[in-house]
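S.K.: Sequence and predicted structure below; questions after.
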Amino acid sequence: MENQIFQLQYAIDTFYFVVCGALVMWMAAGFAMLEAGLVRSKNTTEILTKNVALFAIACIMYLLTGYAIMYDGSFMLSGIESFSLETVLADSAENGFDGDSVYSGAADFFFQVVFVATAMSIVSGAVAERMKLWSFLAFAVVLTGFIYPLEGSWTWGGADVFGLYNLGDLGFSDFAGSGIVHMAGASAALAGVLLLGPRKGKYGANGEVYAIPGANLPLATLGTFILWMGWFGFNGGSVLKLGDAANAHSVAMVFLNTNTAAAGGAVAALITARILFGKADLTMLLNGALAGLVAITAEPSTPTALQATLFGAIGGVLVVFSIVTLDKMKIDDPVGAISVHGVVGLLGLLLVPFTNDDSTFSGQLIGAVTIFAWVFISCFAVWFLLKVITGIRVTEEEEQEGVDLVECGMEAYPEFMSK
């Protein structure tokens, strides 16, 4: 009887895991559409190329080194043996089945690898319109194969930070990755943006900020809805289990809170933009929804639905002010990724202790500083090395022409381009 229960639990949890992983993979389409809508038409093909290529690179690098670094503390495929059914069955036979979550190692890898790709996707939009394609892809190899996995080993992997301290022992908690995934991706993006510099024409000599509108706001809106949908897998899959009443209820609450946080963020950002700018700014509305999603990601299982709405609303207000502030600092982020995923990612971490008694504010702060310091410093070093060796920015003439023709040799909208 125990073996039958084990088999059923294994089937349910594995199926749930892979379906949620597929939803998170769908977020790659959301990032691609959002970024393609918020860049100028002459840079659309290149941004789409980056999004497809970075996803493929993430999958390969996490298989080769990332998964093992993150969960085994070693290199080169050592964690792949856990993919076999025999390993799971042998462990169950040795230790017994206590009703805890049990799923295929292959499903675990698949779910984790799409998180890696999400972190890298955040970088893509922030450096858009002026970065060399192949320098970006070279950076993707290092981030997904080493930098992110090592940070993940300290957080979800449970390893000590360079042997100095353990974040879990300090009260650090990040349910689905406000810090581990989103703030990490934004930290990598910030390092690149600072070395890259702003787009030509974005800022005036006397501190003026000039808007550079995206080419396709319907596409950006579609991308936001895709990300909103994919986030149910992102947060819901992080419950790790479905096959009993308690965890099924937890999954339902996570889905509910994820949705209502996004709604709160969207409405709050829209109202904030109306007060600040006198208009209903669609781009702020979109980023507000995403900010709400990021804010709740650190802990979507313990808040009430009303608390989740409030947390999302705080994220929605914060992201508007963050985008405006970064522009004043001449930090050019075409899609608002650093604000959405970085600033609000930090907010998400700091909100956790309000509803999760197992976390502490000091632990959350130490965890946030650890993630930011490691990712920012290591990524800055990689970006700087690439800048010295190959260069990371296209020439002023190439930027003016558009990186579609320069890097990809084709236009996204050829029939609409002037000849």
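M.R.: Alright, I've got the coordinates. Residues are numbered from 1 along each chain as shown.

S.K.: Quick check: phi and psi on residue 209?
M.R.: Backbone torsions of residue 209, given as degrees, to the nearest 10, read phi -110, psi 120.

S.K.: CA atoms only: put whatever helix or strand residue 317 lives in into PDB for me.
M.R.: Secondary structure from DSSP states H and E places residue 317 in helix 305-328. Output of helix 305-328 as PDB, limited to C-alpha atoms (Å, rounded to 0.1, in the frame of the first residue of the first chain):
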ATOM      1  CA  ALA A 305      -5.500  38.000  -0.400                       C
ATOM      2  CA  LEU A 306      -5.900  41.600   0.900                       C
ATOM      3  CA  GLN A 307      -2.300  41.700   2.200                       C
ATOM      4  CA  ALA A 308      -1.100  40.400  -1.200                       C
ATOM      5  CA  THR A 309      -3.100  43.200  -3.000                       C
ATOM      6  CA  LEU A 310      -1.500  45.800  -0.700                       C
ATOM      7  CA  PHE A 311       2.000  44.400  -1.200                       C
ATOM      8  CA  GLY A 312       1.500  44.500  -5.000                       C
ATOM      9  CA  ALA A 313       0.200  48.100  -4.700                       C
ATOM     10  CA  ILE A 314       3.200  49.200  -2.800                       C
ATOM     11  CA  GLY A 315       5.400  47.600  -5.600                       C
ATOM     12  CA  GLY A 316       3.300  49.500  -8.200                       C
ATOM     13  CA  VAL A 317       3.800  52.800  -6.600                       C
ATOM     14  CA  LEU A 318       7.500  52.200  -6.000                       C
ATOM     15  CA  VAL A 319       8.300  51.100  -9.500                       C
ATOM     16  CA  VAL A 320       6.900  54.400 -10.900                       C
ATOM     17  CA  PHE A 321       9.100  56.500  -8.600                       C
ATOM     18  CA  SER A 322      12.100  54.200  -9.300                       C
ATOM     19  CA  ILE A 323      11.900  54.500 -13.100                       C
ATOM     20  CA  VAL A 324      11.700  58.300 -12.800                       C
ATOM     21  CA  THR A 325      14.600  58.400 -10.300                       C
ATOM     22  CA  LEU A 326      16.900  56.200 -12.500                       C
ATOM     23  CA  ASP A 327      16.200  58.500 -15.400                       C
ATOM     24  CA  LYS A 328      17.200  61.500 -13.300                       C
END
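
S.K.: in the stretch 301-419 of the chain, which spans are strands?
M.R.: Applying DSSP state E, counting those that start in this stretch to the stretch 301-419 of the chain gives no strands.

S.K.: Show me which residues of the lengthiest helix in the chain are buried.
M.R.: In the chain, taking DSSP state H as the definition, the longest helix is helix 2-38. Residues of helix 2-38 classed as buried by neighbour count (16 or more other CB atoms under 10 Å): 6, 9-10, 12-14, 16-18, 20-21, 23-38. (Glycine included, C-beta is placed from N, CA and C.)

S.K.: residues in contact with the helix or strand just after that helix?
M.R.: Next along the chain after helix 2-38, taking DSSP H and E as the criterion, comes helix 44-61. Around helix 44-61, the neighbours that count as contacts under CB atoms under 8 Å, 6 or more residues apart in numbering are 25, 28, 31-32, 35-36, 39, 113, 116-117, 120-121, 124-125, 128, 133, 136-137, 140-141, 144-145, 215-216, 403-404, 407-408, 410-413.
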